[in-house]
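Enquirer: Model the structure of this input:
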Amino acid sequence: MDLLDFHGVRSLDLRLRNWYQMLLSPEFDMDQPSRKNFPGGSTDGTRVMRHPSVARGNAAKATAAQDGVELDLQRYFPYRLARLAEQVSLAVAEVYSERFALTRQEWRVLAILGMRSAIATKEIGPLTTLDKMQVSRAVQGLESRGIASRKHYPDDRRELIVALTPAGRALYRKIVPYALARETKLLGALTAEEVVVLDRVMRKLSAALA
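Expert: Below you'll find the model as predicted:
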């Protein structure tokens with residue numbers, strides 16, 4: 001028997017001796033074993049090692065319960081809405097990203113340009129929820145592929161006007177049927193009445209947050 005085996009057997013022997021002494025103790029309840037009967041905090045005689053993060057999580061739950069304040073993220077409306085928006089966005093991305101190799105920002109700018117003959121770059125941001133840098137990169141990406149073109153505003157050369165090129169207009173007309181079909185598929189989970197209610201609720205929340 002080597003040294004490691006010797007120490008292992010000796011440690012086991014000491015644990016068995018301790019358990020035997022506890023079994024003989026009048027405080028030990030055989031029918032209702034509890035953590036106080038065994039060293040290490042378990043009911044089967046094995047030591048329970050708790051990770052610090054688990055202990056902190058339990059402490060936080062205990063504090064929340066004492067304060068009467070709890071938040072279930074899976075039922076929290078802002079999170080549920082954000083998660084749903086991301087799911088819808090990813091579903092639509094299958095159309096413009098996989099089929100036409102457009103980024104999310106480029107797709108939004110393309111959709112705005114498709115409804116207009118031209119638009120000032122500063123007006124794109126509010127219509128697409130993109131910041132100035134995102135708009136600039138999206139326009140540059142579309143321009144590099146010959147989808148959009150930029151020119152200076154006649155009355156203010158500091159301002160740029162963006163428009164679709166003929167190739168960009170053709171791409172827009174090609175994407176739109178796919179995008180609308182995906183919208184129809186997503187809303188197909190709802191009844192016609194539910195679609196109307198959803199639209200009303202979205203408009204109401206948007207107005208309240210404006």
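Enquirer: Now for this protein: which strand has the highest residue count?
Expert: The longest strand of the chain (DSSP state E) is strand 156-164.
Enquirer: looking only at pLDDT, what's the mean for that one?
Expert: Mean per-residue pLDDT for strand 156-164: 87.
Enquirer: and the next element down the chain from it?
Expert: For strand 156-164, the following helix or strand on the C-terminal side (DSSP states H and E) is helix 166-187.
Enquirer: Put the alpha carbons of that following helix into PDB.
Expert: Extracted C-alpha coordinates of helix 166-187, given in PDB (Å, rounded to 0.1, in the frame of the first residue of the first chain):
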ATOM      1  CA  PRO A 166     -31.900  51.700 -61.300                       C
ATOM      2  CA  ALA A 167     -30.200  48.600 -60.100                       C
ATOM      3  CA  GLY A 168     -31.200  49.400 -56.500                       C
ATOM      4  CA  ARG A 169     -34.800  50.000 -57.600                       C
ATOM      5  CA  ALA A 170     -34.900  46.600 -59.300                       C
ATOM      6  CA  LEU A 171     -33.500  45.000 -56.200                       C
ATOM      7  CA  TYR A 172     -36.200  46.700 -54.100                       C
ATOM      8  CA  ARG A 173     -38.900  45.400 -56.300                       C
ATOM      9  CA  LYS A 174     -37.400  41.900 -56.100                       C
ATOM     10  CA  ILE A 175     -37.200  41.900 -52.300                       C
ATOM     11  CA  VAL A 176     -40.600  43.400 -51.500                       C
ATOM     12  CA  PRO A 177     -42.700  40.300 -52.400                       C
ATOM     13  CA  TYR A 178     -40.500  38.100 -50.200                       C
ATOM     14  CA  ALA A 179     -40.700  40.500 -47.300                       C
ATOM     15  CA  LEU A 180     -44.500  40.800 -47.500                       C
ATOM     16  CA  ALA A 181     -44.800  37.000 -47.700                       C
ATOM     17  CA  ARG A 182     -42.800  36.700 -44.500                       C
ATOM     18  CA  GLU A 183     -45.000  39.300 -42.800                       C
ATOM     19  CA  THR A 184     -48.100  37.300 -43.900                       C
ATOM     20  CA  LYS A 185     -46.500  34.100 -42.500                       C
ATOM     21  CA  LEU A 186     -45.700  35.700 -39.100                       C
ATOM     22  CA  LEU A 187     -49.200  37.200 -38.800                       C
END
